[in-house]
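>>> structure for this input, please:
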Amino acid sequence: MIANTLDQLRQMTTVVADTGDVDAVKRYAPVDCTTNPSLILKAAQDPASLDIINAEVAAGRNKGLSAEEICATLTVAFGVTLTKLVPGRVSTEVDACLSFDTAASIVRGREIIADYAARGVDKSRILIKLAATWEGIRAAEVLQKEGIDCNLTLVFSMAQALGSAQAGAFLISPFVGRITDWYKKAEGRDGYHANEDPGVKSVREIYRGFKAEGIETIVMGASFRNIEQIKALAGCDNLTIAPSLLDELENETVDLARILSPVSDLTKATTALTEAEFRYQINADPMATELMASGIRSFDLDHQKLIALVKNV
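Got it, this is the predicted structure:
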């Protein structure tokens, strides 16, 4: 009897839950969890999360913390809950408004790790999530040297991927669906076959490039729009998948072919990108430029909404 598609995928790829929803994590039992401000906001609006929110807000107010500071501790509180449900890592994001401030991002990353440690969670269970701007990558470089593993997110280009890897990032998150959405609009398309999908092709290029050069940074495809995109990346190191798509994969039973595999004929790594080269390559790619900017704005907007929610508790 053929196993369901999700179970087959788990045989070749580390499945990560793209959610802060505790019930969803309990149901799908992923290895890791990845969150962002939008997912934390959604989780915080769930009535099932009221106990976590009320406890964190009360504790923060007793300490005289501002709503923004309470919001920061609330994000960690959700993360602590998730670490009790998964055996692997939980990604926790540095505030999007710090995406162009290396020093502040480093401070915030350290604060997140310290908050987890105070709650009994070792840094080995956490990934500090940073936008893959030049400044975010430099912050990750410092944190990685301190033994704090990082997840570089909002990756839309090879320049961001290589820059992150050359800085020693533990993991990168290329966004499949957002790339696809951009090209659908730009090209006036309704959709793409999975093998022609620009988002899928981007992750395949990054993955194969990393393996050919012996780069150890984990490639984790993210932001999927449908299960065909996921199946077209079977074999990728990690894939972070929303609960609705995990459900579809679990309810489907077809033979799943491995698409991506590590290669053995390694070549010499490329020369490290300079700041000027990195910025020029991003600037030369309208898709990467627009999506990185809009992604940072969107995450910051949801972060501000979370702060407003805390104020009203």
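
>>> which stretches of this protein form helices?
5-10, 22-28, 37-44, 50-62, 67-83, 102-118, 134-145, 158-166, 176-187, 198-212, 227-231, 243-250, 275-283, 286-311 (DSSP state H).

>>> just those: most buried one?
Most buried of these, by mean neighbour count (mean count of other C-beta atoms under 10 Å): helix 158-166, with a mean of 25. In short, each C-beta sits where N, CA and C put it, glycine included.

>>> what helices or strands is that one leaning on?
helix 134-145, strand 150-155, strand 171-174, helix 198-212, helix 275-283, helix 286-311 (3 or more C-beta pairs under 8 Å, 6 or more residues apart in numbering; DSSP states H and E).

>>> which other helices and strands does the second one contact?
For strand 150-155, the contact count by 3+ C-beta pairs under 8 Å, 6+ apart identifies strand 90-93, strand 126-131, helix 134-145, helix 158-166, strand 171-174, helix 286-311 as packing neighbours.

>>> and those: which comes nearest residue 57?
For these, the distance to residue 57 is smallest for helix 286-311, at 6.0 Å, taking C-beta to C-beta.

>>> quick revisit: any chance of the helices and strands packed on helix 158-166 in CSV, plus distance to residue 52?
Below are the helices and strands packed on helix 158-166 laid out as CSV (distance: least, C-beta to C-beta, whole Å):
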stretch, distance to residue 52
helix 134-145, 26
strand 150-155, 22
strand 171-174, 25
helix 198-212, 33
helix 275-283, 38
helix 286-311, 12
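
>>> residue 20 is nearest to which of the ones you listed?
Nearest to residue 20, of the helices and strands packed on helix 158-166 and by C-beta to C-beta, is helix 286-311 at 11.0 Å.

>>> what's the closest non-adjacent residue to residue 171?
Residue nearest to residue 171 in three dimensions, not counting chain neighbours: residue 218, with 4.1 Å by C-beta to C-beta, 6 or more residues apart in numbering.

>>> touching, the one you found and residue 173? I think so.
No: counting by C-beta atoms under 8 Å, residue 173 is not a contact partner of residue 218; they are 9.5 Å apart.

>>> so which of the helices and strands packed on strand 150-155 comes closest to residue 252?
strand 171-174 (23.9 Å).

>>> sorry, back to before: TSV for the helices of the chain, including distance to residue 263 and mean pLDDT?
Shown next, in TSV, are the helices of the chain (distance: least, C-beta to C-beta, whole Å; pLDDT from 0 to 100):
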stretch	distance to residue 263	mean pLDDT
helix 5-10	21	97
helix 22-28	30	88
helix 37-44	34	84
helix 50-62	44	90
helix 67-83	34	92
helix 102-118	33	98
helix 134-145	25	98
helix 158-166	16	97
helix 176-187	21	98
helix 198-212	5	95
helix 227-231	21	98
helix 243-250	26	96
helix 275-283	24	97
helix 286-311	26	95
